[in-house]
Structures are given as structure tokens and as C-alpha cells.
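Participant: What follows is a predicted structure for the sequence shown.
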Amino acid sequence: MAKQRILIVDDDIDLCNMLSRYLTFKGFEPHCAYDGADALEKVHENKYDLIILDIMMPKIDGYEVCQRLKIQREYNAIPILMLSAKSTEEDKITGLKTGADSYISKPFEIADLLTSIRNTIEKSRRSHEELGIKHEISFHFESRFSYIEKVNELIGQLFLRTDLAPDEIWEIKLALHELGINAIEHGNKMDPDKTVNIFCHIYDDRLEFEINDEGEGFEVDNIPDPTDDEGICRDRGRGLFLVSKLVDSIKYLDGGSTVRLTRFLSGEGRVNGRFNKTRK
Ligand SMILES: Nc1ncnc2c1ncn2[C@@H]1O[C@H](COP(=O)(O)OP(=O)(O)OP(=O)(O)O)[C@@H](O)[C@H]1O
Ligand SMILES: [Mg+2]
């Protein structure tokens, strides 16, 4: 079997060399890049099974490298493991929002890194195998972290299974982030024992997503009017306004604890512009 090829991206040359020797010893084929621009060049030239990506680097930083790769259909499927000294929960969330598959903080144990490398490659492989016409994902959230990881997986599926342009897929990702955060913060009130489910159905003419929380719902008739462009100037309450600009329809069910988004793949659903407000 061919060796799995790993790109190590870090401006710390000693760390690159150390990791490179270790991964060679563990049976991988490592390559090194010392800044973001170098990394992007190498990805164009070679096929990688995984990228280990530092964040703070000269020229192009790791967030940007990650986002530039994940937004392209050709490269979206390459798993990215961020390895960074930025170690707060917010840092991790920022990293995952750019599309990373997993995140390890420095300093790290080499054995943990190896486990994470293997798990990340395996998770990505499985996610590409589990393709069905009707794709459904359901999960138990422990943190905003795991929600964003699931959305990243789902986005990978959309790259594989639809012809949507990358920026359209990115719009769906933004919408799912906003609604997931609402489900976690307003619906489940940050209770870690409560679950958020995301379902994604891929039909011939449209995508449907349902995000469901265990909260009590809310007064859905008061959601912002998407034709009112003042919405974008608000401090809070911008989430639903933004989402309504990004999808074709948004509908609250179950008194507000489930939200269904529809995005048409082409044609009729879009002729009247982006948003066709339908809600109960
Ligand atoms: N799943 C939900 N469960 C309960 N209430 C919700 C839910 N989703 C939205 N809401 C209500 O709708 C309001 C508007 O949501 P929206 O996302 O537009 O703004 P926000 O979350 O308050 O602020 P932000 O601009 O940071 O997103 C929320 O403040 C909340 O009261
Ligand atoms: Mg919100």
C-alpha cells in the first residue's frame, strides 16, 4: 500500500523537521512547507492525505490557507488538522469555522498528535464512503465545537454531491452556523445535556436542512423582515436576517424549536430573487 502523504505547514523549521522524522518513522510520507504561500503551492503540485497546519505564519496565515482550500471543490476533501499555540475555545472555534477538520493546541504530546492524525484521516475517509441519496446527519452536541465540526462534514458532502458553486455552498455554511448557534444558545440555553440535530436532505431540485433543538420555541411571527435592510445595522437579531438573505426559504416548525431551510439547486425556486418567505 502506498504511504499516506502528509503536508506539515509551520514556520518553525525545527518543529517541521522533528515531525517529519517522526512521521517517516511511523510509516507516512511527510513533506514540509514553511509558510502559507509555500503550502498552497505544494497542495497544487501533490496529492495529500492530510495537512497539518499552523495558524500564525508569515505571508498567508493558516486560517486563510484553510479557507482557500476548503472553499474549492478540488481540495475540500483533504483533511486539515490545525496545530497551533492559539489554544482558547474561541481560537478553536475560529479555526473550525474556516473549515478545519480537527484542532490540536501546542504544546502537544506527540502520541496525541499521531492519534489525531489517524482519526482525522479515518473520519474523512468514512464521511466520503457514507454517501446516500438522502443524506441525514443527527448528533448530540457537547459544545459549539462539535456543531461546527458536523457542519464542516456536511459541507464536504455538498461539494461532492451537488453542483452548487463554492460560494453558494459557503453561504449555506454561514446560514447553518447562525441557526446552530441559535439552537444551542436560545433553544437549549447552553445546556450540554440537550441535543441539537441537523438533518440534510438532498433532492433533485433542492436541498432541505432541518435544525432541531430541545427548547420551548419562541414567538416565530416576530422574526425580522428580510425586506427591511435596517436588519443588518442591528447589534443582535442579525442572525435570522442574514440567514434569510442566504437561502430561498426559512420556515419555523414545532413552535420555533425546529427550523427548515430550503435552497433550490436551480430554476424556479430562485426566479423571484433569493428569498421567498414562508413560515407558519
Ligand atoms: N432555536 C431558537 N429557540 C428559541 N429562540 C430562538 C431560536 N432561534 C431564534 N430565537 C429567537 O429569535 C431571536 C432572533 O435570532 P437572531 O439569530 O436573529 O438574533 P440573536 O441570536 O439574538 O443575535 P445574533 O445577531 O447574535 O444572531 C433570538 O434573539 C431569539 O429570541
Ligand atoms: Mg443568532
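Facilitator: Thanks, I have it. Numbers count the residues shown, from 1 in each chain. Ligands and ions are numbered 1, 2, ... in the order given.
Participant: For the nearest residue to residue 208 once chain neighbours are set aside, grab phi and psi.
Facilitator: Nearest non-adjacent residue to residue 208, counting by Cβ to Cβ, 6 or more residues apart in numbering: residue 201, 4.6 Å away. In short, each C-beta sits where N, CA and C put it, glycine included. Torsion angles at residue 201 (phi, psi; degrees, to the nearest 10) stand at phi -110, psi 130.
Participant: For residue 201, give me the pLDDT.
Facilitator: What the model reports for residue 201 is a pLDDT of 86.
Participant: what's the answer for residue 76, then?
Facilitator: 94.
Participant: returning to that earlier point: distance of the residue nearest to residue 208 relative to ligand 1?
Facilitator: 20 Å (Cβ to the nearest ligand atom, to the nearest Å).
Participant: just residue 195 next, same as before
Facilitator: 13 Å.
Participant: Read off the pLDDT value for that residue.
Facilitator: 86.
Participant: unless I'm mixing things up, it is touching residue 214, no?
Facilitator: Yes: contact criterion Cβ atoms under 8 Å: residue 195 and residue 214 qualify, at 6.0 Å.
Participant: anything in contact with each of these two?
Facilitator: residue 188 (Cβ atoms under 8 Å, 6 or more residues apart in numbering).
Participant: hang on, the earlier thing: now do the residue nearest to residue 208: how many residues are near it, please.
Facilitator: Residue 201 has 15 neighbours, counted by other Cβ atoms under 10 Å.
Participant: Just to be sure, residue 11 is in a helix?
Facilitator: No: looking at residue 11 with DSSP: H, G, I helix; E, B strand; the rest coil, it is coil, so not inside a helix.
Participant: need the helices for the stretch 1-150 of the chain, in chain order.
Facilitator: 13-25, 36-45, 62-70, 89-97, 110-129, 144-161 (DSSP state H, counting those that start in this stretch).
Participant: Next: the stretch 151-280 of the chain.
Facilitator: Going by DSSP H, counting those that start in this stretch, the stretch 151-280 of the chain shows helices at 166-182, 239-246.
Participant: Mind telling me which of those the model trusts least?
Facilitator: Looking at the helices of the stretch 151-280 of the chain, the weakest mean confidence is helix 239-246, a mean of 90.
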